[in-house]
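>>> Sequence first, predicted model second:
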Amino acid sequence: MFSLQGKVALVTGGSRGVGLAMAKALAKAGAEVIVNGRAADRAEASAAEIMAGGGKAVALPFDVTDEAAVKAAVADIVARHGRLDILVNNAGRAWSAPLDRFTTEDFTKVVDINLTALFVLAREAARPMAAQGFGRIINIASIIGIVARPSTPAYAASKQAVQGLTRALAVELGPKGVTVNAIAPGYFPTDLNRALQKDGAFSSWIATRTPVGRWGRLEELGPAVVFLASEGASYVTGHTLVVDGGLTVSL
Ligand SMILES: NC(=O)c1ccc[n+]([C@@H]2O[C@H](COP(=O)([O-])OP(=O)(O)OC[C@H]3O[C@@H](n4cnc5c(N)ncnc54)[C@H](OP(=O)(O)O)[C@@H]3O)[C@@H](O)[C@H]2O)c1
């Protein structure tokens, strides 16, 4: 029910952090994983790491905010692999600044990668998915957006919008055999939140604030993405799966 044997999966930002953990889990379930990131050496090293663990993986570096590069990447995947079954729209960035110093340019940069790039990738991936009558699009949102922290207007707005995009695409693509869901992670240690990891007061606040009592472990995101990518989730679409140790349901 959860086997991904024979499936081809593109994980944007799969070269590090959350994306790499998800790429590893998809490969372990049998998918051939295309590992993306801008830095070619890092994407290649991560693909090699997956292969060393017995999985199938190949690197495909490109910038998700470059529309021409996205179109070329999807065409390349279909030409080389014959299909594209799973898109994990994961590449993203955070930006924090007090409101009076938060420039419009910074706001736009965050929205470009966290929201617009997901839309472009989903639109391009949906074509081969609809043609083959099967597809799984999994957008990475965040608990920021469901709740918010100071100085994160662009991140919170873009991540909440990912949930709206997910619902809109689910409604449109359902009749074509393509499901569209989101995962909203809580706090997982990656390069994105290195400063917060070093902040002892923040970490102990997370531990007391989260029912499970700690930060997430990256490998705890794998089962969520495998489930949504699998046959087992054939009747689940438009949903946001929150993986946060209960943080957003506790007051
Ligand atoms: N970590 C958390 O606790 C957490 C919580 C909630 C949501 N998330 C979300 O999870 C996703 C991944 O976050 P992370 O924590 O794993 O971040 P990360 O450690 O900074 O990794 C980001 C990944 O995205 C790639 N990337 C960045 N910009 C790119 C671009 N323009 N085109 C292609 N690839 C790009 C990076 O590779 P290159 O630098 O080589 O391009 C890297 O592989 C993000 O959407 C983030 O918002 C994370």
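Yep, it's here. Residues are numbered from 1 along each chain as shown.
>>> Wait, W95 touches K109, no?
Yes. At 7.1 Å, W95 and K109 qualify as touching, with contact defined as CB atoms under 8 Å. Heads up, the C-betas are built off the backbone N, CA and C, glycines and all.
>>> Comparing these two, which shows the higher neighbour count?
Taking other CB atoms under 10 Å, W95 and K109 do not tie; W95 has more neighbours (18 against 15).
>>> how near is the closest residue to the more buried one other than its chain neighbours to T152?
In this structure, W95 finds its nearest non-sequential neighbour in V110, 5.0 Å apart by CB to CB, 6 or more residues apart in numbering. Separation of V110 from T152 (CB to CB, to the nearest Å) stands at 9 Å.
>>> Which neighbours do those two have in common?
Common neighbours of V110 and T152, using CB atoms under 8 Å, 6 or more residues apart in numbering, are 94-95.
>>> Am I right that A184 is in a strand?
Yes. Counting by DSSP: H, G, I helix; E, B strand; the rest coil, one finds A184 located in a strand.
>>> for it, what are its contacts?
141-143, 145-146, 159, 163, 240-244.
>>> Report the beta-bridge partner residues of it.
Residues in a beta bridge with A184, per DSSP bridges, are V242.
>>> Please apply the same query to A57.
A57 has these beta-bridge partners by DSSP bridges: V33.
>>> circling back to that earlier point, please enumerate the shared neighbours of W95 and K109.
Jointly contacting W95 and K109 under the rule CB under 8 Å, 6+ apart are A154.
>>> What count of nearby residues applies to G37?
So G37, with other CB under 10 Å, has 27 neighbours.
>>> what does the chain have sitting close to the ligand?
Within reach of the ligand by CB under 6 Å from any ligand atom, the chain has these residues: 12-13, 15-19, 36-39, 42, 63-65, 90-93, 113, 140, 142, 185, 187-188, 190-193.
>>> Buried only: go through the residues you listed for me.
The neighbour-count criterion (16 or more other CB atoms under 10 Å) marks 12-13, 15-19, 36-38, 42, 63-65, 90-92, 113, 140, 142, 185, 187-188, 190, 192-193 among the residues of the chain next to the ligand as buried.
>>> Go through those and flag which are in helices.
Among those, the residues falling in helices (DSSP state H) are 17-19, 42.
>>> from the residues you listed, which is closest to the ligand?
Nearest to the ligand among these is G17, at 2.3 Å by CB to the nearest ligand atom.
>>> Reformat the ones in helices among the buried ones among the residues of the chain next to the ligand as TSV; add distance to T248.
Formatted as TSV, these follow (distance: CB to CB, whole Å):
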residue	distance to T248
G17	21
V18	17
G19	22
R42	31
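>>> what about G246, how many neighbours?
Around G246 there are 13 residues (other CB under 10 Å).
>>> Ramachandran coordinates for it?
phi 90, psi 10 (degrees, to the nearest 10).
>>> Likewise for G213?
Dihedral angles (degrees, to the nearest 10) for G213: phi 80, psi 20.
>>> low-scoring pLDDT stretches of the stretch 1-150 of the chain, where are they?
Within the stretch 1-150 of the chain, no stretch falls below the threshold (pLDDT under 70).
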